[in-house]
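Novice: A predicted structure for the sequence below; I have some questions about it.
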Amino acid sequence: MPTPGDGWRICRFAAEDDEAVSAAVTACFEGIYRRHFAEEWLANHGLPIQVRALRHTEGWCVFLLLTPWMLARLYLAGRVPGVPVPEGWRAEERGGAPYAVIGPTVSFTLLGTDQKAHLNYHPELGHYLIQPLVQSMEKFASADAVFRSWDELIRTRDRVMEEKKRECGWQREVSRREFLARLTGG
């Protein structure tokens, strides 16, 4: 059984400045788009690849990633995390493997809250975690329309949680940071 961190390849630029991370991630996903989605009829080819709301939290570089095929939250590890790499997902095993939009589900803790995300691997990014947020992109006319829709979903979720007197500090903090980053152009 793998131990946490076994086989994890960290992102070589996750600790760099935000502009460098954004540019490197955008370039990687533009390559993925050209190789795997340029002819995909379910992708919204009018949408750009964009990184927004980038921040560094507890050894992770966390941000929203918009692509023509999904909106997702990505986590790039700045150091080896306590997340086991399942069999078949080590860097040497993924090198020649076909691209997977999402990999196996893994658990991790962030801001004191247990989380689930999908493990993935890219030679330039190393291992990373991805939480798909929106996977049906065809209805959106622009990147701003996608993010407006996401903001509305967050406001609705927060209102429902308030009405039910439930608290989810991690989601509220992440959503607040993503919203504020968009207001300030981050």
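Specialist: Yes, it's here. Residues are numbered from 1 along each chain as shown.
Novice: list the contacts of whichever strand or helix holds Leu74.
Specialist: When elements are assigned from DSSP states H and E, Leu74 belongs to strand 71-77. Residues from elsewhere that reach strand 71-77, judged by C-beta atoms under 8 Å, 6 or more residues apart in numbering: 8, 10-11, 14, 21, 25, 59-65, 108, 110, 117, 125-134, 137, 146, 150, 174. Heads up, the C-betas are built off the backbone N, CA and C, glycines and all.
Novice: which element follows it toward the C-terminus?
Specialist: Scanning forward in sequence from strand 71-77 by DSSP H and E, the next helix or strand is helix 91-94.
Novice: run the chain-centre distance for that following helix.
Specialist: Centre-to-centre, helix 91-94 and its host chain are 20 Å apart (C-alpha atoms, centre = their mean, to the nearest Å).
Novice: and stretch 131-144, by the same measure?
Specialist: Distance of stretch 131-144 from the chain centroid (C-alpha atoms, centre = their mean) equals 14 Å.
Novice: any weak-confidence spans in the chain?
Specialist: The chain contains residues with pLDDT under 70 at 1-6, 165-186.
Novice: how about the helices of it, start to end?
Specialist: Ranges of helices within the chain are 18-32, 91-94, 143-163, 169-183, based on DSSP state H.
Novice: of all these, which one is nearest Asn44?
Specialist: For Asn44, the closest of these is helix 143-163, at 8.9 Å, according to C-beta to C-beta.
Novice: got the buried residues for stretch 68-81?
Specialist: In terms of neighbour count (16 or more other C-beta atoms under 10 Å), stretch 68-81 has its buried residues at 68-78, 81.
Novice: ok, now how distant is the residue nearest the centre of the chain from His127?
Specialist: The chain has Leu74 as the residue nearest its centroid, 1.7 Å off, counting by C-alpha atoms, centre = their mean. Using C-beta to C-beta, to the nearest Å, one gets 11 Å for the distance from Leu74 to His127.
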